[in-house]
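Asker: Predicted structure and sequence below. I'll ask about it afterward.
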Amino acid sequence: MSTLRTPAGRRNVALVAGGVAALLALTGCTSDPAAEPSGADWELSTETPAPSGDIDSYSWVSYAEPYSLDYAYAFDYADNQVLANVCESLLRLNPDYTLSPGLAESYEQTSPTTWVYTLRDGVTFHDGTPLTAADAVASMSRHLDPAVGSSWYSVYQNVASIEQTGDLEVTVTTTIPDSQFNQGMGGSAGVIESAATLAEKGADYGNSSGLVNCTGPFELTAWKSGESVTLTRYDDYWDEELAAKSGEVEFVFMGDSTARVNALKSGDVDGGWMLPVDGIAQLRETSGDVYFGLSTAVSSLIVSNLEGPLGDVRVRKALLMALDREGILEAAAKGYGEVTNALTTESVWGASSDATRDDAFGGLEDYPYDVEAAKALVEEAGATGEKIVIKTAPIGNDFAVISQATVAAAQSIGLEAEIETVTPSAYTALFSDPTAREGVDLFYTVWYLSSPDPLEMYGVLRTGEFSNYGGWSNPEYDAIANEAVGISDPDERGQKSAELQKIANEELPWLPLFTGPTSLYLGERITGVAPSINYLYYPWAATIGAR
């Protein structure tokens, strides 16, 4: 899941009349395909060339400083792209978004409500102490502690007990059959830290003072607040196939997208994820390489207030129909992606059969761009003249484009609309603090899934779920979702998720806009990493070596 996953006032009416052309001009884009390269010629890659050998060090740019490197709070891109190389989970999320053994060499569901994890022998933390089942129990139990307030509590919501049942064995018992628990063990929810370190560091654990002590191929050795994080190769790492090919990696924080592009172009930093779309054409002209890979993220508008005009599904449908999503894709993402009517990508349906996947995406309502029909729906709902508020932040070009386009669309169908702009940190609070959402009707997200299961997304929209930000409720939907959680067979579970996808498509608790690939830049010095969104939970930095 993701928050990005990243003067207030009503937009000028001229934007409504100008439509997409005005929006393109406003955001510095162009509607003339000959004037500037768009994303029309991009293609997905699954790998980059293998390294020629090891490298002493390389640098990496991040759009933001991590909020925390405590795995219990690592909930976003900036946090997890660092943490994935330092701390490891019970299971490993691979570049193709499948799960395999991680710190647990094996795992078994011994009853509908029991999971048993057998830890690897010979694994050590970065301070040299051995990994034990006691460490796993302590690490996992933190998610159940209200005093911790874990961002990953939802994975543990059905857990009754976590017990050490052998020197290297942990048994988890759930109150109901819960297929989603084990799926979550490949992400931050499954990270194992030293119990002694957790006790010693206390409130300083995972911050720039306390750091962390985990088992990954890199050790976190320095965190200069506001500047950088430094990782150093851990020579006693247990997995020889993923031993780090670099002695050191420095993550440099650059909030300004132009500065990030310039740093990559000049070689001041060697690589980066989540490339600013405005700079991709420039980066493709350098001696480095741009890659596009698997993603599980969908760019959507979250409906956060169902007490206002958007409480009527006709108004939600009208707003989506008034959004020229093809034009928005070009303006916000330079065409790198495609418009979607679903809240999931096909990449998380890999465990389902082709027939199930086809059913999930086939026959969804398309919501074509039709302002007149949308305006009629608003009039039918009696919502003409009512006001909506869209909250945004100066995080990226897509945030600006989508907030402006949404206001324009709303005004074009007879609604009043206003943008409220806040700082990026205040925007992040929308995803965790209900008071931050007061008076807000819509906000934008690039929401990724942390497990290879579409039910992760649709579980979010059940009544009462923490991330069901608008409080949308549908008893039929809840019943199907609750049934799906207890189904262990992935294809049978996928069939239920397909039903949920269709209901979400009909009722639009969130408004899906478009999907886009994971973007990656590798400078002329480095290569070796798979371009996949699994970089949030997999030790990707260890695979990078000399070109």
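Answerer: Thanks, I have it. Since we're looking at a predicted model, the values are computed, not measured.

Asker: Output the below-cut-off pLDDT ranges for the stretch 1-150 of the chain.
Answerer: When residues are selected by pLDDT under 70, those of the stretch 1-150 of the chain lie in 1-40.

Asker: can you pull the pLDDT of Gly470?
Answerer: Note for Gly470: predicted pLDDT of 96.

Asker: Kindly report the same for the one 10 residues further on.
Answerer: Per-residue pLDDT puts Ile480 at 98.

Asker: That one sits in which helix or strand?
Answerer: helix 475-485 (DSSP states H and E).

Asker: Tell me which helix or strand comes right after that helix.
Answerer: Going down the chain from helix 475-485, the next helix or strand is helix 490-507, by DSSP H and E.

Asker: buried stuff in that next one?
Answerer: 490, 493-505, 507 (16 or more other CB atoms under 10 Å). (C-beta placed from N, C-alpha, C; glycine too.)

Asker: closest to Val339 among those residues?
Answerer: Nearest to Val339, judged by CB to CB, of those is Asn505 at 13.3 Å.

Asker: which residues does that closest one contact?
Answerer: The neighbours of Asn505, taking CB atoms under 8 Å, 6 or more residues apart in numbering as the test, are Asn341, Ala342, Leu364, Glu365, Pro512.

Asker: pLDDT weak spots in the protein?
Answerer: Where the chain drops to pLDDT under 70, the residues are 1-40.

Asker: measure Lys496 to Tyr77 for me?
Answerer: Counting by CB to CB, to the nearest Å, the gap from Lys496 to Tyr77 is 29 Å.

Asker: Also Pro276?
Answerer: Distance check for Pro276 against Tyr77: by CB to CB, it reads 13 Å.

Asker: Leaving out chain neighbours, which residue sits closest to the residue nearest the centre of the chain?
Answerer: Relative to the mean C-alpha position of the chain, the nearest C-alpha, by CA atoms, centre = their mean, is the one of Tyr448, at 3.1 Å. On the basis of CB to CB, 6 or more residues apart in numbering, the spatially nearest residue to Tyr448 that is not a chain neighbour turns out to be Ala297, at 4.0 Å.

Asker: quick one: Arg212 from Phe125, how far?
Answerer: One correction, residue 212 is Val, not Arg. Counting by CB to CB, the gap from Val212 to Phe125 is 10 Å.

Asker: Now do the shared contacts for the two.
Answerer: Residues touching both Val212 and Phe125 comprise Glu193, Thr197, with contact defined as CB under 8 Å, 6+ apart.

Asker: hang on, the earlier thing: and the helix holding Ile480, which residues are buried?
Answerer: Residues of helix 475-485 classed as buried by neighbour count (16+ other CB under 10 Å): Tyr477, Asp478, Ile480, Ala481, Ala484, Val485.

Asker: now these as JSON lines including distance to Met254?
Answerer: Listed next are those as JSON lines, based on distance: CB to CB, whole Å:
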{"residue": "Tyr477", "distance to Met254": "42"}
{"residue": "Asp478", "distance to Met254": "43"}
{"residue": "Ile480", "distance to Met254": "44"}
{"residue": "Ala481", "distance to Met254": "40"}
{"residue": "Ala484", "distance to Met254": "41"}
{"residue": "Val485", "distance to Met254": "41"}
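
Asker: ok, of the residues you listed, which one's closest to Leu455?
Answerer: Of the buried residues of helix 475-485, the one sitting nearest to Leu455 (CB to CB) turns out to be Ala484, at 5.4 Å.

Asker: so that closest one sits right up against Leu455, yeah?
Answerer: Yes - proximity of Ala484 to Leu455 meets the contact threshold set by CB atoms under 8 Å, at 5.4 Å.

Asker: overlap in contacts of these two?
Answerer: Overlap between the contact sets of Ala484 and Leu455, as judged by CB under 8 Å, 6+ apart, is given by Ser179, Arg493, Lys496, Ser497, Leu500.

Asker: Output those as JSON lines; include the columns distance to Thr406.
Answerer: Output for the shared contacts of Ala484 and Leu455, formatted as JSON lines (distance: CB to CB, whole Å):
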{"residue": "Ser179", "distance to Thr406": "36"}
{"residue": "Arg493", "distance to Thr406": "34"}
{"residue": "Lys496", "distance to Thr406": "32"}
{"residue": "Ser497", "distance to Thr406": "28"}
{"residue": "Leu500", "distance to Thr406": "25"}
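
Asker: Pick out the most distant pair among the residues you listed.
Answerer: Every pair in the shared contacts of Ala484 and Leu455 was compared (CB to CB); the two farthest apart turn out to be Ser179 and Leu500, at 14.0 Å.

Asker: Since that was my last question, I'll sign off now.
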